[in-house]
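J.: sequence and predicted structure are below.
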Amino acid sequence: MPAHATRAPEQQVWRDPLALMLDSTGEGVFGVDLDGLCVFINPAGARMIGFEPAELLGSNMHDLTHHSHADGAAYPVEDCPIFNAFRQGLPCRIDSEVFWRRDGSCFPVEYSSHPILDEGQVRGAVVTFVDITERKRAADALQRAKDELEARVRERTHALETALHQVRELAAWSESVREDERTRIAREVHDELGSLLVALKMDVNWMDKRLSEQEGRPPEQAQDMRQRMRCKCQNMSRLIENAVDNVGRIITDLRPSILDHQGLWAALEWQAQEFVQSAEMALDWCMEADPEGEWPEPPEPLAMAVFRIFQEMLSNVGRHSRADRLQVRAAVRGGELKLSVHDNGVGATPQAFEAPDAYGIMGMRERARHFGGVIDIQSAPGQGTRMCLTVLLQAGATL
């Protein structure tokens, strides 16, 4: 049998490669003449718009599938890029429009239109198109994710800017408080210690002068002068005692010596007793340890932080609560300290403790956060306020 006989069926299969290509491609392909009428369309293109290929031959493709925009507004044929391909010889590639199906639904499409030339004359156009619904859905999802991310970034940026602004204001407030404290101590040193030292200096000069004159006095006058000098010495002793008391009070304001000598727990109770005495309030004091009686002393920086937080809690009660009873609870369990201050005063809304100018509260929370602790505040108008510090007593521990 001749070899060409076996190849004849294969040659028959490949006789029309263009038709094979149009039938096998997944993209829609159709051709239109100068009147916009369909000359051919492949099966994939016909299926995408809900027709059989034979139904579309001779149909005006613009009127059939490209007549309106996605919002339903009419799409004039004069503006159609597909027709402009053969009217004006302008090829195009568009991915922002829709094609319409037989059932009246539409789908996003990417299409390209190229003019067909025959001996320099435009005879029509070939259009390829593909349904990009999934691509659009993915792009929309990506855009939504991008928009959400940008919104979150804006929120976080705003939160960081707000936090930075609050930190700066807190730092300025802390510096102002320190400066006020320096001014108060300087005034006390000048007004009280200064006046005491001036009085002592005057008394010493008086005694020096009288002692230098003592030898020239008659015995009776000398005895009287000795009595006066003894009185002057007693007065000087009282001035020195007052100076010592003032120095002790100033030192206590700067750093309570009881914190160094007797530890945190004694310092807390001493501070509570001092506060209620000056504020004329009743005190309900309770300390609990587990196991009973074990009160571990925290490291010095943490002890000072707890003491200063406790002072600020009491200061907040004194400034705002108008209370007549104060309850203080200190409990240590499992190495964790819970220190709470509860008053029976006027209370406040939770927003009051989150206000941008609540520098005392911010200062307490920053001190606690530095050691891994937290400040919890519960309050309501007419129901008093409870402030609680929770922190681990081990150095460097975090909650």
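T.: Right, received. Where do you want to start?

J.: and Ile240, that's in a helix?
T.: Yes: under DSSP: H, G, I helix; E, B strand; the rest coil, Ile240 sits within a helix.

J.: list the contacts for it?
T.: Leu196, Leu200 (Cβ atoms under 8 Å, 6 or more residues apart in numbering). No exception for glycine: its C-beta is placed from N, CA and C like everyone else's.

J.: those helices in this protein, which residues are they?
T.: 3-13, 17-24, 43-48, 53-56, 61-65, 81-87, 133-188, 194-213, 219-254, 257-261, 264-279, 300-316, 359-370 (DSSP state H).

J.: for those, which one sits closest to Gly384?
T.: helix 300-316 (12.1 Å; Cβ to Cβ).

J.: now could you export just the CA positions of that closest one as CSV?
T.: Taking Å, rounded to 0.1, in the frame of the first residue of the first chain, the C-alpha atoms of helix 300-316 are listed here in CSV:
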residue,chain,number,x,y,z
GLU,A,300,14.0,48.8,95.1
PRO,A,301,12.9,50.3,91.7
LEU,A,302,9.7,48.3,91.8
ALA,A,303,9.0,49.2,95.5
MET,A,304,9.4,52.9,94.7
ALA,A,305,7.1,52.5,91.7
VAL,A,306,4.4,50.8,93.8
PHE,A,307,4.8,53.4,96.5
ARG,A,308,4.5,56.4,94.0
ILE,A,309,1.4,54.7,92.3
PHE,A,310,-0.2,54.4,95.7
GLN,A,311,0.5,58.0,96.5
GLU,A,312,-1.1,59.0,93.2
MET,A,313,-4.1,56.9,94.0
LEU,A,314,-4.5,58.6,97.3
SER,A,315,-3.9,62.0,95.7
ASN,A,316,-6.7,61.3,93.2
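
J.: what is that helix packed up against?
T.: helix 257-261, helix 264-279, strand 336-343, helix 359-370, strand 385-392 (3 or more Cβ pairs under 8 Å, 6 or more residues apart in numbering; DSSP states H and E).

J.: run a quick neighbour tally on Phe310.
T.: Phe310: 23 surrounding residues under other Cβ atoms under 10 Å.

J.: now do it against Phe353, distance only.
T.: Counting by Cβ to Cβ, to the nearest Å, the gap from Phe310 to Phe353 is 17 Å.

J.: isn't Asn316 right next to Met387, touching?
T.: Yes: between Asn316 and Met387 there is a contact at 7.2 Å, judged by Cβ atoms under 8 Å.

J.: among these two, which residue is more densely surrounded?
T.: A count of neighbours by other Cβ under 10 Å puts Met387 above the other of Asn316 and Met387, at 24 against 20.
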